[in-house]
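Trainee: Take a look and give me a structure for this.
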Amino acid sequence: MDYDALRLFLHLSRTLHFLRTSRDCHVSPSALSRTIQRLEREAGWPLFERDRRSVRLTPEGTRFAEHARETLERWDGLQRDLRGRRDTLAGTIVVFASVTACQTFLPELLSDFRQRHPDIHIQLETGYAADALERLAEGHVDVSVAAIPSQVPRALVARVLLHTPLVFAAPRAACEVERLCHRRPIPWAELPMVLPSSGQAREGADRWFRGKRITPQVYGEIAGSEAILALVSLGCGVGVVPRIVLEESPLASKVRVLDADGGSDALGEFRVGVCTQRKKLTSPLVRALWESLDRAPKQARTSART
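Mentor: Down below sits the predicted model:
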């Protein structure tokens, strides 16, 4: 088995982008294409569906990805044994996190893990927080830093690390939205709202509006909190975001927290934690990361209420 080919395949299965994998793995696009074609011939099935606009794993490709990960883990374990380093873990663990998580608590959270296991390569992928559980469920990553729902799917195991309130974000710049926000009482039914498209933040917003018997005027439904703040800063509307995202955003000086009727906890809280597939806890690398969470600095695991 060509282990380098398996690593290229796994990288492509995560990025679903030939040029990005080619660049990250330092191989030419033509060499990458030949490697994937060879693996498909050996497997006897197409592993990817390709067209001019997108790349997707086939069902056979998803199964092959799981086989590739298990094969490389066994190979890494054998190499350790042959080198007489049974007490040292090595290999690659793929972690998905939002940009906000990467800029705030993630480095401190992974510090102990990195110090104890320097031979484990951490491959960090970023994207919308709303995609974290989906990426995990599809097997593209080993661990996700994600918003933790009230009901965690049975196939997953999660540990809540941080609680932060959901808040209304309003523009600071002079505009019609800012003017409406200064009226008392606030005319919520007149305010254009930039709402999360799904997840805990959307549930909190919907619950708040139902409780007030208000039908919100929706300007847009957006997947990412940073994108919501961008529209808020432009005066497009009032958004709903986790407080930690607002405070750590480059746009923090252009937006402000708008007090909600009902107090600081009116929208509820946003729970952030680490998730993995339950079956992945049998992996020595994932288990080592999971165990390191107990040793993480307290400030990386506590509330972000301010």
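
Trainee: the helices in the stretch 201-306 of the chain, which residues?
Mentor: Shown for the stretch 201-306 of the chain, the helices assigned by DSSP state H, counting those that start in this stretch span residues 225-233, 243-248, 284-292.

Trainee: Which residue comes closest to L293 once chain neighbours are left out?
Mentor: Closest residue to L293 apart from its sequence neighbours, by C-beta to C-beta, 6 or more residues apart in numbering: R159 at 6.0 Å. In short, each C-beta sits where N, CA and C put it, glycine included.

Trainee: The one you found: helix or strand, and which one exactly?
Mentor: Following DSSP states H and E, the helix or strand that holds R159 is strand 156-171.

Trainee: mind giving me the domain split of the chain?
Mentor: Following automatic domain parsing, one finds the domains of the chain at 1-87, 163-270.

Trainee: Could you tell me which helix of the protein is the longest one?
Mentor: For the chain, the helix with the greatest residue count under DSSP state H is helix 59-82.

Trainee: Residues in contact with that one: which ones?
Mentor: Contacts with helix 59-82, where a contact means C-beta atoms under 8 Å, 6 or more residues apart in numbering, come from 1, 3, 6-7, 9-10, 13, 39, 43, 45-48, 57, 86, 88-92, 138-140, 283-285.

Trainee: on that earlier part again, contacting residues around the residue nearest to L293?
Mentor: For R159, the contacting residues are 273-275, 290, 293, by C-beta under 8 Å, 6+ apart.

Trainee: So which residues of the stretch 1-150 of the chain form helices?
Mentor: Secondary structure of the stretch 1-150 of the chain by DSSP H, counting those that start in this stretch: the helices cover 3-15, 18-24, 29-43, 59-82, 99-103, 106-116, 132-137.

Trainee: Let's have those helices in JSON lines, adding mean neighbour count, distance to R184 and mean pLDDT.
Mentor: Listed next are the helices of the stretch 1-150 of the chain as JSON lines, based on neighbours: other C-beta atoms under 10 Å; distance: least, C-beta to C-beta, whole Å; pLDDT from 0 to 100:
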{"stretch": "helix 3-15", "mean neighbour count": "19", "distance to R184": "50", "mean pLDDT": "89"}
{"stretch": "helix 18-24", "mean neighbour count": "16", "distance to R184": "50", "mean pLDDT": "88"}
{"stretch": "helix 29-43", "mean neighbour count": "15", "distance to R184": "60", "mean pLDDT": "91"}
{"stretch": "helix 59-82", "mean neighbour count": "15", "distance to R184": "55", "mean pLDDT": "83"}
{"stretch": "helix 99-103", "mean neighbour count": "19", "distance to R184": "32", "mean pLDDT": "83"}
{"stretch": "helix 106-116", "mean neighbour count": "16", "distance to R184": "40", "mean pLDDT": "88"}
{"stretch": "helix 132-137", "mean neighbour count": "20", "distance to R184": "39", "mean pLDDT": "83"}
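
Trainee: got JSON lines for those helices, with distance to A189 too?
Mentor: Converted to JSON lines, those look like this (distance: least, C-beta to C-beta, whole Å):
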{"stretch": "helix 3-15", "distance to A189": "44"}
{"stretch": "helix 18-24", "distance to A189": "45"}
{"stretch": "helix 29-43", "distance to A189": "53"}
{"stretch": "helix 59-82", "distance to A189": "46"}
{"stretch": "helix 99-103", "distance to A189": "30"}
{"stretch": "helix 106-116", "distance to A189": "39"}
{"stretch": "helix 132-137", "distance to A189": "33"}
